[in-house]
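predicted model follows, preceded by the sequence.
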Amino acid sequence: MTKLGKLITAFLAVLVLVGGAVLFMKKGGSPEKIVLPDFNFSNSFQAASANPDTSAYPQNYENIDYGFSFSYPDGFDIREIDEDQGFTVLAEGRDSKIFQIYINGFDEEGPITPERIKKDIPDIQIRQAQNFSLAGKDALAFMTDENIEVWFVYEGNLYQVTALKSFTDDLSKILATWKFQ
């Protein structure tokens, strides 16, 4: 192909891409709508709560200091990490199955809201926020670029549960077993 032919081909390719983007935006599309999968954590959580499969989650984690427990599947290693500003429960399983619970002092009453989170973390991308009840407490589930987040307040502490998006269904089943003592 000649130099002129390559230039014309490149120009046409750019023109097609720009034209496609313009048409997409005119129809009200946005990149977020393409990237995000269907997300209904509240329904997934309610279904898991209504029909808990205790045989699939035979292990139990209990934290006496913070007064909570949950069940989880075999094959997870649970570690506690005491930090200066908080406390982390790290659960690591096979095949990128991992979640963490970060707990730190919080001197406000719940429920936690997207607006409240953005007050402290203005750059956070909160997508598809959903309210639900976790063990009788108001909770907020939402997506970020890579993760699912579940935040809630209990007895002067903010709980931030984080997992990869691919772990959403499993996380809903684990959180359905959550109990406060």
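Thanks, I have it. As the structure is a computational prediction, the values presented were derived from the model and not from experiment. Residues are numbered from 1 along each chain as shown.

so the protein: which segments form each domain?
3-33, 36-180 (automatic domain parsing).

in which helix or strand does residue 138 reside?
strand 137-143 (DSSP states H and E).

send me that strand as CSV with only the CA atoms.
Extracted C-alpha coordinates of strand 137-143, given in CSV (Å, rounded to 0.1, in the frame of the first residue of the first chain):
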residue,chain,number,x,y,z
LYS,A,137,-28.5,-2.6,60.4
ASP,A,138,-28.7,-0.2,57.4
ALA,A,139,-26.0,-1.0,54.8
LEU,A,140,-25.0,0.5,51.5
ALA,A,141,-23.6,-1.7,48.6
PHE,A,142,-22.1,-0.1,45.6
MET,A,143,-19.6,-0.7,42.7
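
tell me which of the domains of the chain is the most buried.
Among those, the stretch with the highest mean neighbour count (mean count of other Cβ atoms under 10 Å) is domain 36-180, at a mean of 16. Every C-beta, even on glycine, is put in place using the N, C-alpha and C of the backbone.

going by mean pLDDT, which of the domains of the chain comes out lowest?
Least confident of the domains of the chain, judged by mean pLDDT, is domain 3-33 with a mean of 39.

all helices of this structure, in order?
3-26, 31-35, 41-50, 114-120, 168-175 (DSSP state H).

residue 126 reaches residue 113, doesn't it?
No: assessed by Cβ atoms under 8 Å, residue 126 is found out of contact with residue 113, at 9.7 Å.

now do the contacts for residue 95.
The contact partners of residue 95, taken as Cβ atoms under 8 Å, 6 or more residues apart in numbering, number zero.

surely residue 161 touches residue 99?
Yes: using Cβ under 8 Å, residue 161 is in contact with residue 99, at 6.4 Å.

give the residues shared as contacts by the two.
Common contact partners of residue 161 and residue 99 (Cβ under 8 Å, 6+ apart): residue 171.
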